[in-house]
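**Student:** Pasting a predicted model and its sequence here:
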Amino acid sequence: MKVDKDVSVKNINNFYFALREEVENNNQVVIDFSDLSRIDSAAAQVILAAARKVKELDKTIRFVGVSSELKKLLKLAGIKLQ
Amino acid sequence: MGDMGLTEVFLNESKEIIGNLETDIVTLEENREDQDIINRIFRYFHTLKGSSGIAGFNVIYEFTHNLESLFDKVRSGDIKVSRDIIDILLDSIDWIKEELFSESDVDDSGRIQAELTERINECMGFTPKVREENGDFLIEVGAYSGVGSSERYFKVIADFKDDIFSNGIDPLMVIEDLSNLGEVMISNVDQKRIPDFYKMDPEKCYLSWEIILKTTYDEMKLRDVFIFVMDDNNVEIENVTDKYAEVKEHGLLTEKKLGEILIEMGIISDADLEEIVKLQSNQNFKIGDIIVQKGLASSKQVDEALQEQDKIKKKLEISTVRVDSAKLDNLMNLLGEIVIGQASLHRVSEDMDEEKASSLKNSLYGLDRVTREFQEQIMSIRMVPIGPTFDQFKRFVRDTAHSLGKEIKLKVEGGDTELDKTVIEKIGDPLKHMIRNAIGHGIEVASERTKKGKPTAGTVTLKAYHQEGNVFIDVIDDGKGINLAEVKKKGVALGLIAEEETSKEKILSLIFNPGFSTSDHVGDLSGRGVGMDVVKTNAEELRGSVEVKSKEGEGTLIRIKLPLTLAIIEGMLVKVGPSILIIPLLSVIETIQVKKDDYRTVEGKGEVILVRGEYISLIRLNVLFGLEAGITNPWEALIVIVESGGERIGIMIDDLIGQQQIVIKSIDNFITTSRSISGATILGDGKVALIIDIHGLVGEIKNI
């Protein structure tokens, strides 16, 4: 799934439910960040929780289109890229 | 720390930040997309805001808050960097400078601020609200400010309340700000509080962090990051520098680190590591071995991780101390005394019987080597790169060029060339003069440049490099060059040179005369005829020299040559009659004896000698300084050939005594105003010897 450019706490529910659907329906979840360079805490923790769930379900999660600035933020948020 | 101290610290820090800001903003104008610079500028405003608030400069605080908001928009890409933005930023910085550092009260300061704020808001398209800052007693009394600024380790625990999002605060951004203060050594995001994915409320915050940050900032700076969240959330900051160092020594850190590195490399997971650590405590194996044994990673991967770990350890070991430069000066002086003491021991050894003397001399040579090395070390501490000095001219060039309607690029080369701190401090003004001249007189307006087939934008190049024990600083412009005929005309009119003078070098060097200017009208920038003589005087004060090269229509180069060190030189001791004088070794080309036939007297030019087919002036030091004469016939004496500024002269001496390190002691002007003397030194036997300034000597001779 492609992450919306303006994802933030203001519209976090849209992102949350979209990602839920993705996790429920796919064995391999791919999150595409190519449209955004920053991410906020709200989106980060949704991804963290999703990643844990994916592992629990024996599925995989992958991140693509991660810019170097975003990489730093994801790392700070405790999101592992592999 | 008193109130005064806090203000001072703030003002000092601000000065530094503002300097950096100016450089970065001007660079940004050229590289508008450079995210690194944008981030840096944002951080500078952020820091300026924080510390102005703490230091009680509320007006600055509010103002920089607006700037920070504006730049946050630039950072996020909402606003594109434009000429307008750059102008606003630079004008704002001018206003801040005026507010902070100007002595006089400017009446319209409030008006300017209001105007700027309006411009900022216009750019942002809305009115930002200014947050009130809480006065915290502990902050006020400076409880968190540190002493000195070496590297420290802080453990930061930040536990955010679950409703923090509703306050418009993004904890991740706060953590990002924190990470920008230094290097995050260890970062743990506590995920335990995050509920099951299906059960979570995405609008609540579940995050908390535990971070080990390596930074040169003090605790106050770190607290500043959390200034808006400190009250409602659990934030703990602990200085763990000691503990961290201890852990390192006991090796605990190394073992823990290996696991972490493997996690970072994506080879093992958090859970794997936990399991391994458990295993390790039971079995007392090395973590690396367990990992390989369990098949989680290949031994090659573990080796790679170990190498990475070594790198980290090395990084940890580099630490710095900030020292008052006066202490370094004292050290240098003391070393000078040691050198004098050594010379005196050498002297003593001469009166001893041969056997004893030779063993003393041997020890002295050993000591000599150590002192030389010692001197080099102290010198290297005093050396600072010239880059920052160059960079600070970016703003100057931009403003000057704009005000003259010219388009000019500043190119900087060799910014990492190191010079003595004192030299750097004294070279700023001369450089400014030269750059101003290059922009004002040198580079033509765009239309004229196009006509000549040059690129519309002129280039001023600042270049620094080392060569033969000297540092050279070049200021080069690709402008119209110096009009030789005009300079000569003026020079002749002022009676400085003869009509028939043809040497290009001599004509060009006229521009260094006080009050010399070919400009007919006095502009705001240059043309008053002062400037180049200041450049020359300053360079000579530093025992350096200036030369100028120019080609009409193509450009001008002004080259400052400076010595690497100021306090100690290699000198050649020479004897003239009963006196001992010192000639700096750097200026000496050779020492010769002349034949009687090669010696001539030329009417109007004094004595000359023929050296390698060329006649050069012969100087008798006893005549020049009014000393008692020794040998009077040049063909019986020794001649030291020295060079300065391309000009050679021969100095007549009775004898060479030797070569040694000379500690320069300055002498006051009431003792001598002669340009031929640069100072004095104390010899081994306690006698004072004068040091000859070759550059000054050549200048003086040529004027006679």
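**Tutor:** Okay, I see it. Numbers count the residues shown, from 1 in each chain, chains lettered A, B, ... in the order given.
**Student:** From now on I want contacts and neighbour counts done on CA atoms only, so please keep to that.
**Tutor:** OK.
**Student:** Pretty sure residue B:571 is one of the things residue B:657 touches, is it not?
**Tutor:** No - if you go by Cα atoms under 8 Å, residue B:657 and residue B:571 don't touch, sitting 10.7 Å apart.
**Student:** who has more neighbours, those two?
**Tutor:** residue B:571 (22 against 13; other Cα atoms under 10 Å in any protein chain shown).
**Student:** got the phi/psi numbers for the more buried one?
**Tutor:** phi -120, psi 150 (degrees, to the nearest 10).
**Student:** nearest residue to it other than its sequence neighbours?
**Tutor:** residue B:584 (4.5 Å; Cα to Cα, 6 or more residues apart in numbering or on different chains).
**Student:** State the distance from that neighbour to chain A.
**Tutor:** Separation of residue B:584 from chain A (Cα to the nearest Cα, to the nearest Å) stands at 55 Å.
**Student:** Quick check, central residue of chain A?
**Tutor:** Against the mean C-alpha coordinate of chain A, by Cα atoms, centre = their mean, the closest residue is residue A:47 at 4.1 Å.
**Student:** wait, what's in contact with the residue nearest to residue B:571?
**Tutor:** Taking Cα atoms under 8 Å, 6 or more residues apart in numbering or on different chains, we find residue B:584 in contact with B:569, B:570, B:571, B:572, B:691, B:692, B:693, B:694.
**Student:** and of those residues, the nearest to residue B:279?
**Tutor:** Nearest to residue B:279 out of these is residue B:569 (Cα to Cα; 64.9 Å).
**Student:** The closest one should be in a helix, yeah?
**Tutor:** No - judged by DSSP: H, G, I helix; E, B strand; the rest coil, residue B:569 forms no part of a helix; its state is strand.
**Student:** so it makes contact with residue B:659?
**Tutor:** No - between residue B:569 and residue B:659 there is no contact under Cα under 8 Å: 10.6 Å.
**Student:** The two: who's more crowded?
**Tutor:** Taking neighbours as other Cα under 10 Å, residue B:569 and residue B:659 compare with residue B:569 leading, 18 against 15.
**Student:** quick one: which of the contacts of residue B:584 is nearest chain A?
**Tutor:** Closest approach to chain A among the contacts of residue B:584 (Cα to the nearest Cα): residue B:569, at 50.9 Å.
**Student:** Now do the closest one, the pLDDT please.
**Tutor:** At residue B:569, the pLDDT value in this model is 77.
**Student:** again, but for residue B:541
**Tutor:** Per-residue pLDDT puts residue B:541 at 75.
**Student:** and what of residue B:4?
**Tutor:** 49.
**Student:** now do the one 4 residues further on
**Tutor:** You'll see residue B:8 listed with a pLDDT of 76.
**Student:** Give the buried residues for the helix or strand where it lies.
**Tutor:** Taking DSSP states H and E as the criterion, residue B:8 maps to helix B:3-30. The neighbour-count check on helix B:3-30 (16 or more other Cα atoms under 10 Å in any protein chain shown) flags B:6-7, B:10-11, B:14, B:17-29 as buried.
**Student:** Which neighbouring elements make contact with that helix?
**Tutor:** Helices and strands touching helix B:3-30, by 3 or more Cα pairs under 8 Å, 6 or more residues apart in numbering or on different chains; DSSP states H and E, are helix B:35-54, helix B:83-101, helix B:393-403.
**Student:** Please spell out which residues along the second one are buried.
**Tutor:** Put plainly, it is helix B:83-101. For helix B:83-101, burial by neighbour count (16+ other Cα under 10 Å) applies to B:85, B:86, B:88, B:89, B:90, B:92, B:93, B:95, B:96, B:99.
**Student:** what residues are up against the fourth one?
**Tutor:** For residue B:89, the residues meeting the contact criterion (Cα under 8 Å, 6+ apart) are B:25, B:67.
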